[in-house]
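[1] Output the structure for:
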Amino acid sequence: MTLKIIRFIIFCVLCFTYSEVSAQDEYVAEIGLTGGGAYYLGDANNQLFKNNRLAYGVFFRYRFNPRIALRAELNRAKIVWDGNAIGNQVNALDACAEFNFFDLDQNPNKRMSKTFSPYIFAGLGLMNYLYIGNTTFNASIPFGVGLKVKLANRLNMNIQWSNRLSMSDQMEGIFSLNNNYNLNGSNFTNNDLLSTFTIGIGYDIWRKQCDCKNSGNK
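    Modelled structure (predicted):
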């Protein structure tokens, strides 16, 4: 009798230990900071990755499931071009849908889950900068690619290359630079493009409510 009780206690302890080790809290949202470089393509610059300057921002991400998420991001960047040390400050607010190629979930019990995933995104945005000394707002189309990595249960990292197609040709802020490289008519409506390459650190918030079902209830 005593041996049976000991076996039962050991069994319960092992089950409890396994559940504590394997269980992972799930969170549906994430907040974080980003930092990196920025450049632009337009009338005053026609080369990729030229004249990079500091870019930084904040983001909020809501996960509908391990593959699909919605992200709101606010970035600030400075663009410059050859022979100009002043440049123009650009603020970009984006709302993007994201698709992860893998189930991004730190769960050893899920066969398809991984602690990293490449992803793509696209959405709508709003850009703000000075043009001829006046504050200007223009719509934009943000899109890009990235890589997400789970560093810990609630800590994440993402590396991201974003492109924002402005619905205008005024990002330089100076009227005299219009068509400086004879680009009018040779690209998509001659719109300016702001690109950022950033690394972000995020922290999970809003613990997901347990959706466990009692199989005994019918």
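[2] Now do the contacts for the nearest residue to K208 once chain neighbours are set aside.
    Nearest residue to K208, sequence neighbours excluded (C-beta to C-beta, 6 or more residues apart in numbering): E26, at 4.1 Å. Just so you know, the C-beta spots here come from the backbone N, C-alpha and C atoms, and that holds for glycine as well. When contacts are counted by C-beta atoms under 8 Å, 6 or more residues apart in numbering, E26 touches D105, R207, K208.
[3] Kindly report the same for Y119.
    Counting by C-beta under 8 Å, 6+ apart, Y119 makes contact with E98, F99, N100, F101, V145, G146, L147, K148.
[4] Please report how far it lies from Q160.
    Separation of Y119 from Q160 (C-beta to C-beta, to the nearest Å) stands at 9 Å.
[5] ok so, going back, can I get the buried ones among the contacts of Y119 as something I can paste into PyMOL?
    Listed next is the PyMOL selection for buried residues among the contacts of Y119, using 16 or more other C-beta atoms under 10 Å:
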select buried, resi 98+100+146+148
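[6] can I get the contacts of Y119 in a markdown table with secondary structure and pLDDT?
    Converted to a markdown table, these look like this (DSSP: H, G, I helix; E, B strand; the rest coil; pLDDT from 0 to 100):
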| residue | secondary structure | pLDDT |
| --- | --- | --- |
| E98 | strand | 98 |
| F99 | strand | 97 |
| N100 | strand | 95 |
| F101 | coil | 94 |
| V145 | strand | 98 |
| G146 | strand | 98 |
| L147 | strand | 98 |
| K148 | strand | 96 |
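[7] Closest one of the contacts of Y119 to L165?
    Of all the contacts of Y119, V145 has the smallest distance to L165: 15.1 Å, by C-beta to C-beta.
[8] So that closest one sits against N163, correct?
    No: the pair V145 / N163 is not scored as a contact, 9.4 Å apart, by C-beta atoms under 8 Å.
[9] beta partners for Y27?
    R207 (DSSP bridges).
[10] again with N163
    Applying DSSP bridges, one finds that N163 bridges with F143, S195.
[11] ok, back up a step: can you name the two of the contacts of Y119 that sit furthest apart?
    Spatial extent of those (C-beta to C-beta) is set by the pair F99 and L147 at 13.2 Å.
[12] how about the contacts of Y119 in CSV, adding distance to G32?
    Putting the contacts of Y119 into CSV (distance: C-beta to C-beta, whole Å) gives the following:
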residue, distance to G32
E98, 14
F99, 19
N100, 16
F101, 21
V145, 18
G146, 13
L147, 15
K148, 11
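[13] nearest to D82, of the contacts of Y119?
    Using C-beta to C-beta, V145 comes nearest to D82 of the contacts of Y119, at 28.3 Å.
[14] that older thread, tell me the spacing between the residue nearest to K208 and K150.
    12 Å.
[15] For A38, which residues are in contact?
    52-55, 75, 77-79, 90, 194-197.
[16] Test my guess that L193 contacts N163.
    Yes: with contact defined as C-beta under 8 Å, L193 reaches N163; the gap is 6.0 Å.
[17] the more surrounded of those two?
    Of the pair L193 and N163, L193 is the one with more neighbours under other C-beta atoms under 10 Å, namely 19 against 16.
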